[in-house]
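K.L.:
Prediction below, plus the sequence it came from.
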Amino acid sequence: MKKIAVIFILSITFLFLILNFSKSSKKKFYFENIEIIEPNKYVELITPENREVERISQRVKDPVKAYYYVRDFIIFNPMMVTNKPEVTISLREGNCLSKAVLLVSLYRALGIPESQVRIIVGELHSDKRPVQHAWVEVKFNGVWFQQDTTDLIGSFEFDQFKDKEYLKKFVRVENYCFNDTGFAVVSQRNRFK
């Protein structure tokens, strides 16, 4: 119970910090030489209206093929910086967040509503230490799926993880989520629903 209370307090504190720092867009804030990325910068990464994203979405034509395009055609390179979709398409490689951003941009270009798709950023279980990672959640044909297009922990199918299966199997903690319309700190209480 104490662990849940501590996680809840940390989540509220993190949310308070994000909200207060994002109000002041003229200043750049740093914690021990770490630049804070404002939530709207994450939201701006997703660009379904980009010409390259539209070109790929017209080629793949449906969400299932979009998933396999990102999984199989875009190489996972965890050492890269996060890029917008057009850069990831051009380079044909990206880190976990770049691949997730491209996939969500394609889903949105294919007409999936913003309420039915999001990127989750959190930590995966690991033998040595927690691993920061990004994955996608999408509602398709009335079912929520968690999707990971990287090969960090395996190669997965479009519909392999329904509801919270990925979360239960691999995820230590969810930190925040976003799409092209908003950003939210993920309360750990959501995991108990």
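P.N.:
Looks like it came in fine.
K.L.:
C-alpha only now, for contacts and for neighbours.
P.N.:
Noted.
K.L.:
where in this protein is pLDDT low?
P.N.:
Filtered on pLDDT under 70, the chain yields the residue ranges 1-36, 187-193.
K.L.:
switch to 80 and redo it
P.N.:
1-37, 126-128, 187-193 (pLDDT under 80).
K.L.:
all helices for it, in order.
P.N.:
For the chain, applying DSSP state H gives helices covering 2-23, 39-45, 51-60, 63-73, 85-91, 96-109, 165-170.
K.L.:
So which residue is dead centre in this protein?
P.N.:
In the chain, the centroid-proximal residue (C-alpha atoms, centre = their mean) is I119; its distance is 2.6 Å.
K.L.:
Excluding covalently adjacent residues, which one is nearest to that residue?
P.N.:
V136 (4.6 Å; C-alpha to C-alpha, 6 or more residues apart in numbering).
K.L.:
Tell me the bridge partners for that neighbour.
P.N.:
Under the criterion DSSP bridges, V136 forms beta bridges with I119, Q147.
K.L.:
Isn't I120 up against V173?
P.N.:
No. Between I120 and V173 there is no contact under C-alpha atoms under 8 Å: 10.2 Å.
K.L.:
Between those two, which is the more surrounded one?
P.N.:
The residue with more neighbours, out of I120 and V173, is I120; 23 against 19, by other C-alpha atoms under 10 Å.
K.L.:
count of neighbours near the closest residue to the more buried one other than its chain neighbours?
P.N.:
In space, and not counting its chain neighbours, I120 is closest to C177: 4.4 Å by C-alpha to C-alpha, 6+ apart. By other C-alpha under 10 Å, the residues close to C177 number 23.
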